[in-house]
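Trainee: Whatever this is, show me its structure:
(one chain, ligands or ions: 1)
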Amino acid sequence: MADQDALIPPLLLVGCGRMGSALLSGWNAEGLSPSVIIDPAADRSAPDSHVRVTTAASIQAGARFAAVILAIKPQLADQAMAAVAPLIGDAVVLSIMAGRTLAGLRTALPAAAGLVRAMPNTPAAIGKGISVAVAEPGVGTLQRDLCDRLLRAAGSVAWIEDEALLDPVTAVSGSGPAYVFLLAELLEAAGREQGLPASLARRLARETITGAGALLAAADEDAADLRRAVTSPGGTTQAALSVLMAEDAWPRAVHQAIREATTRSRTLAS
Ligand SMILES: NC(=O)c1ccc[n+]([C@@H]2O[C@H](COP(=O)([O-])OP(=O)(O)OC[C@H]3O[C@@H](n4cnc5c(N)ncnc54)[C@H](OP(=O)(O)O)[C@@H]3O)[C@@H](O)[C@H]2O)c1
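Mentor: Presented below is the predicted three-dimensional model:
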């Protein structure tokens, strides 16, 4: 249990869906002071010491927060930001909304004391996410440190100065877990095609990906070195890699996929 000095100060969490609740469980584990959560389904999660309301209008005037976290869908953000604007006070606003730029957030929240934008990813749900964050110029050290601590509760954090990099970040790590899940699907289906029983194919695909991921996390070597270490000349791995690494196979597909996702992120930005 965190000691009193280490408690995370009261927060206002706007949107407690997949990503909001993942962050909240990390903050609870770190020792989050009683805070307020706005979500249309206020009773969606297990009861805790926080105040859960369905609209910003239900929050007492004069409530003070150290940070306001925006975790709603970007397309619903304008209405939600207008509703919470009077509650922000001198809190830092941390937005994890994809595609909502610092300039767009500033237009919607002209009186906010400081704005930070971050892109987390879904392994945040088990504390294994990675978030990339960028602060508006003028955000003070204390506010930045608080945002860092909030994001760190869901995994690791990298800070950048150039907001434009959040588009390729979104393509690589924001959307990235989906690519790995696709690989699990494809490995499982291909194993079944080669005669493996369905349950064994599923287990092999999943545990190979999680095991290789853990090995990558534990190793100092580059991914390419780890790959070479399991590739014997003329062996089975090389037979598969000669297909996957052909110029028009994975190298082209992955580069094109990340390019497309980056472009899409730029197009959606507002
Ligand atoms: N999931 C990811 O992999 C991921 C990764 C990086 C960033 N993000 C960003 O994280 C944000 C949330 O994504 P998510 O996947 O967690 O979405 P989600 O599961 O749909 O969660 C959003 C939550 O906000 C609630 N909500 C809607 N309108 C609201 C309002 N006016 N005030 C307060 N709460 C409101 C929604 O309730 P209802 O369901 O009842 O509408 C829902 O519970 C998005 O902006 C997304 O771009 C997500």
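Trainee: Tell me how far the residue at the greatest distance from the centre of the chain lies from the ligand.
Mentor: Residue farthest from the centre of the chain, counting by C-alpha atoms, centre = their mean, is residue 234 at 40.3 Å. Going from residue 234 to the ligand by C-beta to the nearest ligand atom, to the nearest Å gives 41 Å. The C-beta positions use only the backbone N, C-alpha and C, and glycine is treated the same way.
Trainee: quick check, that residue in a strand?
Mentor: No: in this structure, residue 234 is coil, not part of a strand, as judged by DSSP: H, G, I helix; E, B strand; the rest coil.
Trainee: tally of neighbours for the residue of the chain at minimum distance from the ligand?
Mentor: Taking C-beta to the nearest ligand atom as the measure, the chain has residue 17 as its residue closest to the ligand, at 1.8 Å. Residues near residue 17, counting by other C-beta atoms under 10 Å, number 14.
Trainee: pretty sure it is touching residue 71, no?
Mentor: Yes: Residue 17 lies in contact with residue 71 (C-beta atoms under 8 Å); the separation is 7.0 Å.
Trainee: what ranges do the strands span in the stretch 101-250 of the chain?
Mentor: Along the stretch 101-250 of the chain, counting by DSSP state E, counting those that start in this stretch, strands occupy 114-119, 129-135, 155-159.
Trainee: Note down every partner strand of the helix or strand containing residue 94 and its orientation.
Mentor: Counting by DSSP states H and E, the element that carries residue 94 is strand 92-95. The pairing partners recorded for strand 92-95 under DSSP bridges are strand 67-70 (parallel), strand 114-119 (parallel).
Trainee: would CSV of those strands with mean neighbour count, mean pLDDT and distance to residue 169 be doable?
Mentor: Formatted as CSV, the strands paired with strand 92-95 follow (neighbours: other C-beta atoms under 10 Å; pLDDT from 0 to 100; distance: least, C-beta to C-beta, whole Å):
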stretch, mean neighbour count, mean pLDDT, distance to residue 169
strand 67-70, 26, 97, 18
strand 114-119, 25, 97, 5
